[in-house]
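1. I need the structure of the sequence given here:
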Amino acid sequence: MILWKEWLSGLLQMLVLVPSAISCYLPAKDQMRFSFTKTIALCLAVLVPSAVIGGFAIAFFNIEANVVFLPALLVLFFLYWKTVYLDFARTFAIYVGVCAIQAFPAQFANIADMYFKSETHGATLQANVIHLCLASLLMLVFVHPARDRFSRMVNEIDSPKIWYSTIAVSLIFFFCNLLVVPTSYDMIRGSRLRYLFPALEICGLVLLIMIYVLFYWVAVIILERIEIEKRSQMLEMQAHQFQKLLEYMQRTKRLRHDFRHSVYLLLGLAKSGDIEGICAHLSEYEQRITENVTVNFCKNAALNAMFSYYYELAEESGIKTDWKIALPEPFTISEMDMAAMFGNMMENAIAACAALPEDDRYFSLTSEIRYSHYLYVVSTNRFDGRVRKGKDGYHSTKHGGRGTGLISIAAIAEKYHGNARISNSEREFFVDVMLRI
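-> Residues are numbered from 1 along each chain as shown. Got it, this is the predicted structure:
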């Protein structure tokens, strides 16, 4: 009976991994490889047997809990990494951050244990119940900020340097908690540490949370700056488009003013029977009036300016273009989301085409509305055939991580209950997106 009670106590210690696992997935909710149900089933299939076996090892073989925990944490990290679409830096930062936070309930359980027994070896059943309850409470406290706020950071900040800085802080707190595990309850009970140790643990938890909150606000400032830069770029494109429109209006105004001279010239050529001269003059007039004519792709002024900007950039780069743009009217999708999606498509495609000989440069972009409720976007461009592709999708050829533009396109598609399919052949790169509008 005593052994089964000890096994139950060890099982409760291992079940702390369940709220910890949930805490890991909350900020990565938009980056999960599998459905929510499938991920839960997979985690339970690993965590429950691990908890049962770990509890058995702690109870029947008298093994220290940390000896079981630390190898389990390493194994579970690789499980977590394989179930999310995140690079190593972000995955490890989330995982270590959760471990650092969840190390404090373990210490509070040790503090409670001082009042349940005299020896230090092995935690009591009551202390393990307190440990599991505190771990679950911490998880519930962080559900909202992790799911709604920290997930935005995970989705939009892809700089490894930023995430590695948080890893260093989390590891310091995690290992400090491992090192200060009491070796003698009697020593703590008989000294000022009886009050100082719990106070230090509470201060340590508050300090770590404050560091994470500070990191969040710094990240918010970074993201706002990125957003301002995007809006500034859009305004610059609109200003550029407006300037071109003014120049075109001025040019056509002069041509209209000088049209009477062309009429006199054509009349003279007609009287002399110079058909070739008439044709040559009309051809030159047509060329001048259609020179740098502005192209309207859609009714939305900001998006039209963006399309015009990249269209002009493509023409200057000698890229053959075939664009057919149709967007919903009235406009029911976020302007910034559409700008980000189309902007990433066009920027990537033009950059890929620019690396080819001019005769091979080709970029097709089509968007159309089907069944009244769906927007289909198809981007096809030629490229040099070099791709970097891992199990988590396409990687950037400029840096080691996943392509930020492609991640953004996929995130926007998911936001509007659609999907993004990215593929390539030997010479062409394809991005197909469907959005529900």
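2. how about the strands in this protein?
-> 320-325, 362-370, 374-382, 388-390, 393-395, 419-424, 428-436 (DSSP state E).
3. Buried residues of stretch 362-369, list them for me.
-> Tyr362, Phe363, Ser364, Leu365, Ser367 (16 or more other C-beta atoms under 10 Å). Heads up, the C-betas are built off the backbone N, CA and C, glycines and all.
4. May I see these organised as TSV, with distance to Val46 added?
-> Listed next are these as TSV, based on distance: C-beta to C-beta, whole Å:
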residue	distance to Val46
Tyr362	48
Phe363	46
Ser364	45
Leu365	44
Ser367	43
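5. before we move on, back to that, most packed of the strands of the chain?
-> strand 374-382 (a mean of 20; mean count of other C-beta atoms under 10 Å).
6. for that one, packing partners?
-> helix 335-354, strand 362-370, strand 428-436 (3 or more C-beta pairs under 8 Å, 6 or more residues apart in numbering; DSSP states H and E).
7. possible to save these as a markdown table with mean pLDDT?
-> Converted to a markdown table, the helices and strands packed on strand 374-382 look like this (pLDDT from 0 to 100):
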| stretch | mean pLDDT |
| --- | --- |
| helix 335-354 | 86 |
| strand 362-370 | 91 |
| strand 428-436 | 91 |
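8. Of those, which is nearest Thr83?
-> strand 428-436 (24.4 Å; C-beta to C-beta).
9. From the rest of the structure, what touches the closest one?
-> Residues from elsewhere that reach strand 428-436, judged by C-beta atoms under 8 Å, 6 or more residues apart in numbering: 333, 341, 345, 348-349, 352, 373-383, 406, 409, 412-413, 416-424.
10. Just the C-alpha atoms of that strand, please, in CSV.
-> Only the C-alpha atoms of strand 428-436 are listed here, as CSV (Å, rounded to 0.1, in the frame of the first residue of the first chain):
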residue,chain,number,x,y,z
GLU,A,428,9.2,27.9,-62.1
PHE,A,429,8.0,28.8,-58.6
PHE,A,430,4.3,28.7,-57.7
VAL,A,431,2.3,30.3,-55.0
ASP,A,432,-1.4,29.5,-54.9
VAL,A,433,-3.6,31.1,-52.3
MET,A,434,-7.3,30.8,-51.5
LEU,A,435,-9.0,33.2,-49.1
ARG,A,436,-12.6,33.2,-47.9
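11. Neighbouring strands - and their directions - for it?
-> Here strand 428-436 is paired, per DSSP bridges, with strand 374-382 (antiparallel), strand 419-424 (antiparallel).
12. relative orientation of the longest one and helix 335-354 in degrees?
-> Spelled out, it's strand 374-382. Relative orientation of strand 374-382 and helix 335-354, computed by axes from the mean of the first three to the mean of the last three C-alpha atoms, to 10 degrees: 20 degrees.
13. Show me how far strand 374-382 is from its chain's centre.
-> 21 Å (C-alpha atoms, centre = their mean, to the nearest Å).
14. do the last one as well
-> A distance of 17 Å separates the C-alpha centroid of strand 419-424 from that of its chain, computed with C-alpha atoms, centre = their mean.
15. Please save the CA atoms from that strand in PDB.
-> Extracted in PDB, the C-alpha atoms of strand 419-424 (Å, rounded to 0.1, in the frame of the first residue of the first chain):
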ATOM      1  CA  ASN A 419      -4.800  27.900 -47.500                       C
ATOM      2  CA  ALA A 420      -1.600  28.600 -49.300                       C
ATOM      3  CA  ARG A 421       0.100  26.000 -51.500                       C
ATOM      4  CA  ILE A 422       3.800  26.700 -52.400                       C
ATOM      5  CA  SER A 423       5.600  24.500 -54.900                       C
ATOM      6  CA  ASN A 424       8.200  24.600 -57.700                       C
END
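16. ok so, going back, which one of the strands of the chain lies nearest to Val68?
-> Closest among these, using C-beta to C-beta: strand 388-390, at 32.4 Å.
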